[in-house]
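Sharing a model that was predicted from the sequence below.
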Amino acid sequence: MAILYLIRHGKAASTWGEVQDPGLSELGRKQAEAVANELAKIGPIPVYSSPLARAQETSLPLAQLWNCEPIIEDRVAELPNPDFDYSDSGPKHRKEWLKLVLNDQWPKLSQELQTWRQNLIDTLLGFSSDCVIFSHFVAINVAVGEAMSNNQVVSFFPDNGSITMIESSGSELRLIEKGKEMVTKVG
């Protein structure tokens, strides 16, 4: 059995509708420090991060504290979305697409999104020892949804810098504890 500490990245410097891969805001950097301080006592254990800037930047304080290098894991990145341009019409269209997806159920979504979800679940099931994984809103929802047998894309609203604990047996995920939830819900 492995305990997976799923960390939602700190607050980004801009929204994903404005910039494709934003880093952290000042608040996000403070959240990253707080996560590092909270998790300091459980390690050092392996640290994994989504390749996206906001997740990698959130992982750095903990990795520095444990004197390790975060392992980049593409399969814990955020939900893939269609290519949108970042012109004046792009972000509005992208936000409309995301709102529809977030309010849906996995079996009703495209095969591409269902494959992404299954790859993420398989990745989490593949961890055989405790580790910390810096990831994203929808990715963490995939883990919690799978652990709770819930097909909704969004089953809870993890806050930036929250810590969700999942146990992986290699064949199933079990929810230990949801992370702190956002005050304002999305979608």
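The structure has been received and is ready for your questions. Residues are numbered from 1 along each chain as shown.

What ranges does this structure have for its strands?
Under the criterion DSSP state E, strands of the chain are mapped to 2-8, 47-49, 71-72, 131-135, 163-168, 173-177.

Would you mind telling me which of these is nearest residue 148?
The closest of the strands of the chain to residue 148 is strand 173-177. By CB to CB, the value is 6.0 Å. The way it works is simple: take the backbone N, C-alpha and C, and place the C-beta from them, glycine included.

what lines up beside that closest one in the sheet?
Looking at strand 173-177 with DSSP bridges, its paired strands and their directions are strand 163-168 (antiparallel).

For the partner strand, which outside residues touch it?
The set of residues that contact strand 163-168 without belonging to it, under CB atoms under 8 Å, 6 or more residues apart in numbering, is 1-8, 35, 38-39, 124-125, 127-128, 140, 143-144, 147, 158, 173-180.

if you set the cut-off to 6 Å instead, what comes out?
1-7, 124-125, 127, 140, 143, 147, 158, 173-174, 176-179 (CB atoms under 6 Å, 6 or more residues apart in numbering).

For residue 113, find the nearest of the strands of the chain.
Of all those, it is strand 131-135 that lies closest to residue 113, at 16.3 Å by CB to CB.

Paired strands for the closest one, with orientation please.
If you go by DSSP bridges, strand 131-135 pairs up with strand 2-8 (parallel), strand 47-49 (parallel).

Now tabulate these in TSV and tack on distance to residue 15, mean neighbour count and mean pLDDT.
Shown next, in TSV, are the strands paired with strand 131-135 (distance: least, CB to CB, whole Å; neighbours: other CB atoms under 10 Å; pLDDT from 0 to 100):
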stretch	distance to residue 15	mean neighbour count	mean pLDDT
strand 2-8	15	24	98
strand 47-49	20	24	98
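
Any idea which of the ones you listed gets closest to residue 120?
The minimum distance between residue 120 and these falls on strand 2-8, with 10.8 Å, by CB to CB.

Pull the closest one out as CSV, backbone CA atoms only.
What follows is strand 2-8, C-alpha atoms only, in CSV (Å, rounded to 0.1, in the frame of the first residue of the first chain):
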residue,chain,number,x,y,z
ALA,A,2,1.2,3.4,-0.9
ILE,A,3,0.0,6.8,0.4
LEU,A,4,-0.2,9.4,-2.3
TYR,A,5,-0.1,13.0,-1.1
LEU,A,6,-1.8,14.9,-4.0
ILE,A,7,-1.1,18.6,-3.9
ARG,A,8,-3.0,21.1,-5.9
